[in-house]
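Peer 1: Whatever this is, show me its structure:
(2 chains)
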There are 2 protein chains.
Amino acid sequence: MEPVQIEAIVLDMVKKAKAASRSIAALPAAVKNAVLLDVGEALVAQQPFILQENAKDMADAKAKGMSEAMLNRLQITEQGILDMVQGLREVAALEDPVGEISEMRRRPSGITVGRMRAPLGVILMIFESRPNVTIDSAALCLKAGNAVILRGGSEALRSNLALAKVLQEVLAKHQVNPAIVQVLAFTDRGGVDCLLRQEAYIDLVIPRGGEGLIRAVTEKSRIPVLKHYKGVCHCFVDADADMDMAIPVILNSKAQRPSACNSLEALLVHREIAAEFLPRVAQALHKAGVRLLGCHSSCLLCDEMIEPAAESDWGREFLELAMVVKVVADIDEAMDYIARYGSQHTEIILTRSYERSQRFLREVDASAVMVNASTRFNDGGQFGLGAEIGISTTKLHAYGPMGLKELTTQKFIVYGMGETRA
Amino acid sequence: MEPVQIEAIVLDMVKKAKAASRSIAALPAAVKNAVLLDVGEALVAQQPFILQENAKDMADAKAKGMSEAMLNRLQITEQGILDMVQGLREVAALEDPVGEISEMRRRPSGITVGRMRAPLGVILMIFESRPNVTIDSAALCLKAGNAVILRGGSEALRSNLALAKVLQEVLAKHQVNPAIVQVLAFTDRGGVDCLLRQEAYIDLVIPRGGEGLIRAVTEKSRIPVLKHYKGVCHCFVDADADMDMAIPVILNSKAQRPSACNSLEALLVHREIAAEFLPRVAQALHKAGVRLLGCHSSCLLCDEMIEPAAESDWGREFLELAMVVKVVADIDEAMDYIARYGSQHTEIILTRSYERSQRFLREVDASAVMVNASTRFNDGGQFGLGAEIGISTTKLHAYGPMGLKELTTQKFIVYGMGETRA
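Peer 2: Okay, the predicted model is just below:
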């Protein structure tokens, strides 16, 4: 497509989204919930249409030689549709954050001031293969009173358009502006670039996918971006850690789902406990198929099970059954190491020391800092947010899993009786 | 200076700031408060040195033909120093936001999850002439547990360096890392550009000054920016407004300090009340020296006192004793107008209607939305934040006046007893 055409289409979309965002901002929760539940019913009713469109995407992807793993992500199954329906029900059941008023206080001037939670406005979601993100993200954005523009992977375009069509039909049926949810209907690279320049119309960009996609979006965007590049998560095993508790927590952190961003990538072991603990944990990890790369001391302590780590292994995000191991002098060395190599995602300490648990919680800078629990808990569902639209490791606006609250802002409201400023 | 030299100096600064931010993050409030109060004493004790350095800046600025208004901003007076001391005492008296824990809840898995307030890290302040910003901003950043890098106007360099020197000496006396507060010691334009690329070290940029400065910073920054471009504030006078209350509120909003961003720029009057109200308010504004530019209807209603507005006057930030006046059909037209021409800064409604007051508060998208009170109240001090480092009209992270809380973030913390994820 010509750049002029792309610009015209994008401008039309963002203007419609902005206008739609005003109409949804004031919508009562009852209407939003009815829409969400009806979308669930429509997805089931329109399943043949959705599967048919998805089959076309799948056929093209296969013809292009897409990998089995990628094809799995792209495919919409009957179970996948039921999962979307379940997700819609869960979002409908969440409390509406919009309109919540807090901190109202009378000021010396006589005015009463507080904060009212309000939608952000227009959100741009940029994501890769999985088409279910279309429904999951749209549901959260809509419940938080925002309009959303979705740009999924080019290989999933027909699937995403089919899902959006079902959604828009339900919106129209409820007399709600269908422009609340829009999918970019072409996949020219210029479309995203043009969207990322629309700071006058779009309030927030959330990219979801690999580090490459996220860096490219961040680099080009003139709009605030909430994102995490990667999860390089550490576990510090303190001198007095309960070893019987430590091993299952470490195993769960590393091996339960090694491809997840909240899986463990590095083990830091206090030198006082290393001689006893390292061989035990190494054996347990070995059994689970985890390859261990270690510092000189840790290799000496379990020479069979730990290979020497290369310099580039420190701070590496493995995302597979491999991790580094390092013996450290104390909690200060552990925290220095985390400050240097961590990605501000998830950091845990295993300890029985009250003092060191408190220091770790306070001094470690990460979106989630935990004592004696698996890194795998850093997740919106596990933390009780209900559903999550992503994880942020930037400290502005949101730090950690982002739920409905993070898709809103707070404005100041004032009740006066004719007060003027002295 | 050569770009290579600039880069070396900037990298050294940001690395020191990052290291310093870790040491200040865990500092108890007692130490931070002692530093703030001692800085106040040191400012008084070192007054001759500060005034002498400021005099050099003043002499250069005069020689360059700087305007009287700008010279006034640049000058540090004895009263100015007392004001800084007073500001330091006020910040010391504020509650420390760092470490506050909220929303701790036990989850079904057994873990206890909540949020702990933590510093942002390293903040870059970019500002224009007034040297007192050096002390005021450093005080707020320090109290919120952040390191700060200050880049003031080139004309105030010696004044800013003198103030920073006093501050750093007090920090050193308290065994606190002096790199917590650093002033960029040269004024080459390349210095700011290089700082704005240090996303690995700087967490937030706050520009304070004219729209030109703020747009330039936003355009170049790879780091999140909190800012407001301008304040185009509206007042909607509803059909049933109390006219005797309305006139003083409008006068105060427009004329108390017309150069402020929270001063009124546009008056929207319901057509049912216009014939009676417009001549009265126009006369009062006229008396206060306010020039009125109006729509066709408003000109007809008070032809002597309102001139026809040009198309470019709608949405204009006058920042002087001038404003536009428009007759509107109802609250919907008023809110449409505000959505189109407003700058999301401050919007007020004058009404006796319960229903319309609630609609206005809910539906108008601005950092502060008020009923029956002057726009001039949109201010950190007036809202009870204690002190403010700026106003944000971006909706991410902060919306409205920014105080100590807005200079922090919240991380998730977890207390476990060895839980693993199922």
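Peer 1: for the longest strand along chain A, which positions count as buried?
Peer 2: If you go by DSSP state E, chain A has its longest strand at strand A:408-419. By 16 or more other Cβ atoms under 10 Å in any protein chain shown, the buried positions in strand A:408-419 come out as A:408-416, A:418-419. All C-beta atoms are positioned from the backbone trio N, CA, C, and that covers glycine.
Peer 1: Which strands or helices does that strand pack on?
Peer 2: strand A:112-119, helix B:243-255, strand B:368-373, strand B:400-402 (3 or more Cβ pairs under 8 Å, 6 or more residues apart in numbering or on different chains; DSSP states H and E).
Peer 1: Convert the second one to CSV, retaining C-alpha atoms only.
Peer 2: Output for helix B:243-255, consisting of C-alpha atoms alone and laid out as CSV, is shown next (Å, rounded to 0.1, in the frame of the first residue of the first chain):
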residue,chain,number,x,y,z
MET,B,243,-24.7,34.1,39.0
ASP,B,244,-23.6,35.9,42.2
MET,B,245,-21.2,33.0,42.9
ALA,B,246,-20.2,32.5,39.2
ILE,B,247,-18.7,36.0,38.7
PRO,B,248,-16.1,35.9,41.4
VAL,B,249,-15.1,32.4,40.5
ILE,B,250,-14.6,33.4,36.9
LEU,B,251,-12.8,36.5,37.8
ASN,B,252,-10.5,34.6,40.1
SER,B,253,-9.9,31.9,37.5
LYS,B,254,-9.0,34.4,34.8
ALA,B,255,-7.4,37.4,36.5
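Peer 1: Which parts of it count as buried, going by neighbours?
Peer 2: Across helix B:243-255, burial judged by 16+ other Cβ under 10 Å covers B:245-247, B:249-255.
Peer 1: Would you mind naming what in the stretch 151-300 of chain A lies close to chain B?
Peer 2: Taking Cβ under 8 Å from any Cβ of the partner chain as the contact definition, the stretch 151-300 of chain A meets chain B at A:203-204, A:222, A:224, A:226, A:242, A:245-246, A:248-249, A:251-252, A:256.
Peer 1: okay, who's weakest in those by pLDDT?
Peer 2: By pLDDT, A:R222 ranks lowest within those, coming in at 87.
Peer 1: what's the neighbour count on the residue lying closest to that one once chain neighbours are set aside?
Peer 2: Leaving aside its chain neighbours, A:R222 sits nearest to A:E199 (4.5 Å; criterion: Cβ to Cβ, 6 or more residues apart in numbering or on different chains). Using other Cβ atoms under 10 Å in any protein chain shown, the number of residues around A:E199 comes to 14.
Peer 1: Quick check on A:E199: phi, psi?
Peer 2: phi -60, psi -20 (degrees, to the nearest 10).
Peer 1: go on, A:S221?
Peer 2: Taking degrees, to the nearest 10, you get phi -80, psi 140 for the backbone angles of A:S221.
Peer 1: and the gap between it and chain B?
Peer 2: Counting by Cβ to the nearest Cβ, to the nearest Å, the gap from A:S221 to chain B is 10 Å.
Peer 1: ok, and the closest non-adjacent residue to that residue?
Peer 2: Using Cβ to Cβ, 6+ apart and skipping residues adjacent in sequence, the residue nearest A:S221 is A:L196, 4.4 Å away.
Peer 1: For the residue lying closest to A:C141 once chain neighbours are set aside, what are phi and psi?
Peer 2: In space, and not counting its chain neighbours, A:C141 is closest to A:V148: 3.9 Å by Cβ to Cβ, 6+ apart. Main-chain torsions, A:V148, degrees, to the nearest 10: phi -140, psi 140.
Peer 1: Let me see the contact set for the closest residue to A:G418 other than its chain neighbours.
Peer 2: The shortest distance from A:G418 to any non-neighbouring residue, by Cβ to Cβ, 6+ apart, is to B:M245 (3.7 Å). B:M245 makes contacts with A:417-418, B:350, B:372, as judged by Cβ atoms under 8 Å, 6 or more residues apart in numbering or on different chains.
Peer 1: can you redo those residues as JSON lines with pLDDT and distance to A:I101?
Peer 2: Converted to JSON lines, the contacts of B:M245 look like this (pLDDT from 0 to 100; distance: Cβ to Cβ, whole Å):
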{"residue": "A:M417", "pLDDT": "97", "distance to A:I101": "18"}
{"residue": "A:G418", "pLDDT": "97", "distance to A:I101": "22"}
{"residue": "B:L350", "pLDDT": "98", "distance to A:I101": "21"}
{"residue": "B:N372", "pLDDT": "98", "distance to A:I101": "17"}
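Peer 1: Max pairwise distance over those residues: which two?
Peer 2: A:M417 and B:L350 (11.1 Å; Cβ to Cβ).
Peer 1: hmm, back to that, can you give the strand pairings for the longest strand of chain A, parallel or anti for each?
Peer 2: Strand A:408-419 pairs in its sheet with strand A:112-119 (antiparallel), strand B:368-373 (parallel), by DSSP bridges.
Peer 1: chain center to that strand: distance?
Peer 2: Offset of strand A:408-419 from its chain centre (Cα atoms, centre = their mean, to the nearest Å): 32 Å.
Peer 1: before we move on, the earlier item: list the residues that are in contact with both of A:M417 and B:L350.
Peer 2: Residues touching both A:M417 and B:L350 by Cβ under 8 Å, 6+ apart: B:245, B:372.
Peer 1: Got the domain ranges for chain A?
Peer 2: Listed by automatic domain parsing, the domain ranges of chain A are A:15-190, A:233-380.
Peer 1: Just put the ones you listed in a markdown table and tack on distance to B:W314.
Peer 2: A markdown table is the format used below for these (distance: least, Cβ to Cβ, whole Å):
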| stretch | distance to B:W314 |
| --- | --- |
| domain A:15-190 | 19 |
| domain A:233-380 | 44 |
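Peer 1: quick one: the helices in the stretch 251-400 of chain A?
Peer 2: For the stretch 251-400 of chain A, helices defined by DSSP state H, counting those that start in this stretch occupy the ranges A:271-287, A:296-301, A:331-341, A:354-363, A:380-383.
Peer 1: next one: the stretch 1-150 of chain A
Peer 2: A:3-25, A:29-45, A:47-63, A:68-74, A:78-93, A:132-143.
Peer 1: and the ones you listed as JSON lines, adding mean pLDDT?
Peer 2: Listed next are those as JSON lines, based on pLDDT from 0 to 100:
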{"stretch": "helix A:3-25", "mean pLDDT": "95"}
{"stretch": "helix A:29-45", "mean pLDDT": "97"}
{"stretch": "helix A:47-63", "mean pLDDT": "97"}
{"stretch": "helix A:68-74", "mean pLDDT": "91"}
{"stretch": "helix A:78-93", "mean pLDDT": "96"}
{"stretch": "helix A:132-143", "mean pLDDT": "95"}
